[in-house]
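Chemist: Everything below, folded, please.
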Amino acid sequence: MSAATDASTMKTKPMPAAQPTTYTHPKATENRNIARYETTAVYTHPDAEVDIVLVHGLNGSPDLTWTAPNGTFWPVDLLPAALRGVPANVLVYGYNADVYSRRNDRSASDNFIHQHAQTLVTSLTLFRRGEGRARKPIVWVAHSLGGILVKRALLYSSDLRAAHHDDYRSVFVSTYGVIFLGTPHTGADAATWGLVLQAMSDAILPKKFFESESVLLKTLKKDNETLANINNHFLDIYQRFRIHMVHENHKTDIKGTKVVIVDSSSASPQLPGVTYYGVEASHSQMCKFDSANAPGFRAVSTDIRQWVIDAPGLIQRRWAAEECERSARMQNEITERMSPFVSGSLDHDDACYTFSPPPPSAPPSPAPPYSAVGTPPPAYEWTQGLPAPALAAMPAPAQCVSSNMGMIQDDYVAAVCRGVAAAAAVACVVASSVVSSVAGLAAATVRGESQRCGLRHYHRRRHSAPSERHGDSILPQFV
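Modeler: As a prediction, this is how the structure comes out:
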């Protein structure tokens with residue numbers, strides 16, 4: 001797979017790269033100083049609305065995995081021209097996917113796939129936040145193990161619901177589509193991975209090495225439990241994205257043995273709504289396009305260009321729905337936290353009052369004059385644009401989505417909504433605490449004063465003169 005080719009690429013002297021006809025914006029920048037790990041922007045367009053993110057596979061790297069034997073680094077040399085004037089940024093992500101390393105300054109990875117996924121989400125989120133692009137659409141291109149990593153990262157991002165994790169959930173909300181290049185969705189035979197590892201080394205690896213293989217390599221084997229769990233959970237969210245699965249049509253020559261690293265049944269499991277096609281290249285060469293006419297490049301670049309055009313509108317609507325859902329969660333949380341302060345029965349002795357909302361089916365009654373308690377509408381609902389009867393007949397989620405389509409134009413409105421809701425929650429909690437404290441203090445004061453008055457009345461009746469008028473005993477005595 002990519003590991004074999006990356007190793008062989010380093011042994012051969014690269015030929016001068018071809019100079020294709022490119023579309024260059026006056027302010028577009030290229031960056032060929034690629035970091036080995038984390039996120040690097042290799043092509044930046046000032047008008048870009050979409051980020052294209054490339055993730056390498058097993059024993060790969062963010063530069064060599066996408067570099068052809070003639071030296072063409074297609075994310076920069078070919079892709080911007082293939083977009084034909086459609087602006088987009090191109091990012092590459094690097095991580096330690098080594099299962100075997102001959103260099104002293106590098107070691108094989110011992111991280112599990114979910115740990116790599118958390119690092120990917122964090123790195124990409126912080127990079128995009130720093131560039132002011134946290135909510136821009138994302139298009140993924142992943143090769144081999146990189147596809148499993150992207151799936152796991154999307155699952156991790158989708159599970160984040162806490163308010164302080166909103167930025168990290170943006171990876172899930174902003175993702176528009178994924179192109180999987182030779183990804184072993186259902187794994188591959190252990191014998192195949194053994195041949196790949198032998199191709200990485202200069203000598204025959206000892207049998208003991210395979211007895212202590214890395215956790216990443218175990219993940220890519222057939223019937224692996226971790227891989228099966230990722231696939232099963234990904235079925236719950238995959239229809240949200242545009243997905244293309246690409247498989248290799250040529251065998252890989254590994255020291256005289258020709259094998260298909262990831263067969264079509266593993267690289268292209270049949271799912272509704274997914275697009276499938278093959279590339280006339282081996283597993284490692286299917287992600288190394290040496291020219292615009294290389295097998296598979298036209299299909300991949302055409303898909304990416306169309307997604308870059310379609311993504312902004314859809315992702316903007318998804319963020320509007322996300323804001324509505326967040327507001328609903330916040331309102332439910334406020335209601336749950338306020339429930340102890342507004343529950344109970346009316347008791348004059350304990351000064352405890354019950355605020356009972358009308359049943360859902362009952363029409364709202366007009367508020368009485370000088371009403372001290374009001375129920376403001378939720379901060380995320382707006383009623384402009386629809387007649388009142390039509391809006392009332394719609395379910396609550398539909399009201400929110402339909403009204404938000406034309407109202408939410410930028411992040412400022414959403415921020416104001418969250419601020420108002422949070423301020424209201426704090427004010428309600430403080431007010432309820434003050435009312436409860438004052439009511440308890442008043443009740444205790446009245447009961448204490450009543451007891452003291454009763455005792456004074458009792459003693460005065462015992463020691464008063466017979467001519468004392470009735471009622472004088474309750475007057476205060478001053479000494």
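Chemist: residue ranges of the helices in the stretch 51-200 of the chain, please?
Modeler: Ranges of helices within the stretch 51-200 of the chain are 74-77, 79-82, 113-130, 145-159, 166-174, 190-200, based on DSSP state H, counting those that start in this stretch.
Chemist: Make TSV out of these and add mean neighbour count, distance to Y37 and mean pLDDT.
Modeler: No exception for glycine: its C-beta is placed from N, CA and C like everyone else's. Below are the helices of the stretch 51-200 of the chain laid out as TSV (neighbours: other Cβ atoms under 10 Å; distance: least, Cβ to Cβ, whole Å; pLDDT from 0 to 100):
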stretch	mean neighbour count	distance to Y37	mean pLDDT
helix 74-77	23	17	96
helix 79-82	22	22	95
helix 113-130	19	8	95
helix 145-159	24	13	96
helix 166-174	21	18	93
helix 190-200	19	20	58
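Chemist: For those helices, give me TSV that also has distance to V42.
Modeler: Putting the helices of the stretch 51-200 of the chain into TSV (distance: least, Cβ to Cβ, whole Å) gives the following:
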stretch	distance to V42
helix 74-77	5
helix 79-82	9
helix 113-130	13
helix 145-159	16
helix 166-174	19
helix 190-200	26
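Chemist: so which of these comes closest to P184?
Modeler: Ranking these by their distance to P184 (criterion: Cβ to Cβ) puts helix 145-159 first, at 7.4 Å.
Chemist: Would you mind listing where the protein has pLDDT under the threshold?
Modeler: When the per-residue scores of the chain are filtered using pLDDT under 70, the ranges that remain are 1-25, 100-108, 190-214, 341-479.
Chemist: the strands in it, which residues?
Modeler: All strands of the chain, identified by DSSP state E, fall at 29-30, 38-44, 51-55, 89-94, 138-143, 175-181, 242-248, 252-254, 257-259, 275-279.
Chemist: Quick check: neighbours of the shortest one in the sheet, parallel or antiparallel?
Modeler: The reference is to strand 29-30. Here the strand partners of strand 29-30, with direction, are listed using DSSP bridges: strand 38-44 (antiparallel).
Chemist: Tell me which residues are up against the partner strand.
Modeler: 28-34, 53, 62, 73, 75-76, 79-80, 89-95, 119, 123-124, 127, 131 (Cβ atoms under 8 Å, 6 or more residues apart in numbering).
Chemist: related to what we said a few turns ago, let's have the strands of the chain in TSV, adding mean neighbour count.
Modeler: Rendered in TSV, the data for the strands of the chain read as follows (neighbours: other Cβ atoms under 10 Å):
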stretch	mean neighbour count
strand 29-30	14
strand 38-44	20
strand 51-55	26
strand 89-94	24
strand 138-143	26
strand 175-181	24
strand 242-248	22
strand 252-254	18
strand 257-259	13
strand 275-279	17
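Chemist: can you list those strands in JSON lines and add distance to T335?
Modeler: Converted to JSON lines, those look like this (distance: least, Cβ to Cβ, whole Å):
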{"stretch": "strand 29-30", "distance to T335": "50"}
{"stretch": "strand 38-44", "distance to T335": "40"}
{"stretch": "strand 51-55", "distance to T335": "38"}
{"stretch": "strand 89-94", "distance to T335": "41"}
{"stretch": "strand 138-143", "distance to T335": "34"}
{"stretch": "strand 175-181", "distance to T335": "32"}
{"stretch": "strand 242-248", "distance to T335": "37"}
{"stretch": "strand 252-254", "distance to T335": "59"}
{"stretch": "strand 257-259", "distance to T335": "60"}
{"stretch": "strand 275-279", "distance to T335": "44"}
